[in-house]
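>>> got a structure for you, letters missing:
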């Protein structure tokens, strides 16, 4: 099987994040593989082990993204591709990234493309479905199980607290939901092997794209951190008095009633 994984480098939301000048301050921020993309990488490796073939991880970013691609190689991917847009594009959005990825993938004869369900830094979940649309192949999102038998594919996907079983066929794009698998940690032998695995770097010119072709369709107006949570308030007195005070607070302060 010819499997491609869409990977994004994101900042670690479990670490301290600061905003400066309306942007996330990268100095001191910790960057990782988007966690949902780790499920995608793990599933691709497992499918390769079961059916044979090759796993290629591809990412759009800058030279710093190489670190996360090397991690994917250490996990067990065979190849990695960095589409470096650092010198070509100032701003991107979901349209931009999907356009770039689809131009790269359009002649790769991929049997299966796997992406993360969402990126934890944006949460839109748009890029992978947009890629499938550009490539004119079916896609299934938020999958928690995938079984492949020849060209036939059986998928279980998460649907708001329940599950849905879908039968489809290759070629196909899917997005990985939490619960699909347990991503492995790179082993020491895997890390050593990753240094010798191919990591190709290309630019927009190599895809016959120009900056105008991937100009974002949306604009980020402002980025800000959520307000600090205020301390909770304990209501005292008789229950009837507490209820009256609570209703009054909901009406005058929270303004929800």
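Sure, I can see it. Remember, predicted model here, so these are calculated numbers, not experimental data.
>>> who touches residue 79 in this structure?
If you count contacts by CB atoms under 8 Å, 6 or more residues apart in numbering, residue 79 has them with 54-57, 73, 197-200. Yep, even glycine has a C-beta here, placed from its N, CA and C like the rest.
>>> what distance do you get for it to residue 89?
Distance, residue 79 to residue 89, by CB to CB, to the nearest Å: 24 Å.
>>> kindly state the beta-bridge partners for the closest residue to residue 72 other than its chain neighbours.
Closest residue to residue 72 apart from its sequence neighbours, by CB to CB, 6 or more residues apart in numbering: residue 57 at 4.3 Å. Note on residue 57: beta-bridge partners by DSSP bridges are residue 5, residue 80.
>>> ok, residue 57 - contacts?
So residue 57 contacts 4-5, 7, 41, 44, 69, 72-73, 77, 79-81 (CB under 8 Å, 6+ apart).
>>> repeat that with 6 Å
5, 7, 72, 77, 80 (CB atoms under 6 Å, 6 or more residues apart in numbering).
>>> again, but for residue 217
residue 95.
>>> burial count for residue 246?
For residue 246, the count of nearby residues is 14 (other CB atoms under 10 Å).
>>> repeat for the one 4 residues further on
Neighbouring residues of residue 250 were enumerated by other CB under 10 Å; the total is 12.
>>> related to what we said a few turns ago, residue 166: which of the contacts of residue 79 is nearest?
Using CB to CB, residue 55 comes nearest to residue 166 of the contacts of residue 79, at 22.9 Å.
>>> show me where the stretch 51-200 of the chain has helices.
66-75, 94-105, 127-135, 188-194 (DSSP state H, counting those that start in this stretch).
>>> what's the least confident stretch among the ones you listed?
If the helices of the stretch 51-200 of the chain are sorted by mean pLDDT, helix 188-194 sits at the bottom with a mean of 94.
>>> for that helix, which helices and strands make contact with it?
Helix 188-194 makes packing contacts with helix 66-75 when contacts are defined by 3 or more CB pairs under 6 Å, 6 or more residues apart in numbering; DSSP states H and E.
>>> so which residues make contact with the helix it packs on?
Here helix 66-75 makes contact (CB under 6 Å, 6+ apart) with 9, 33, 41, 57, 59, 80, 82, 184, 186, 190-191, 194, 197, 199.
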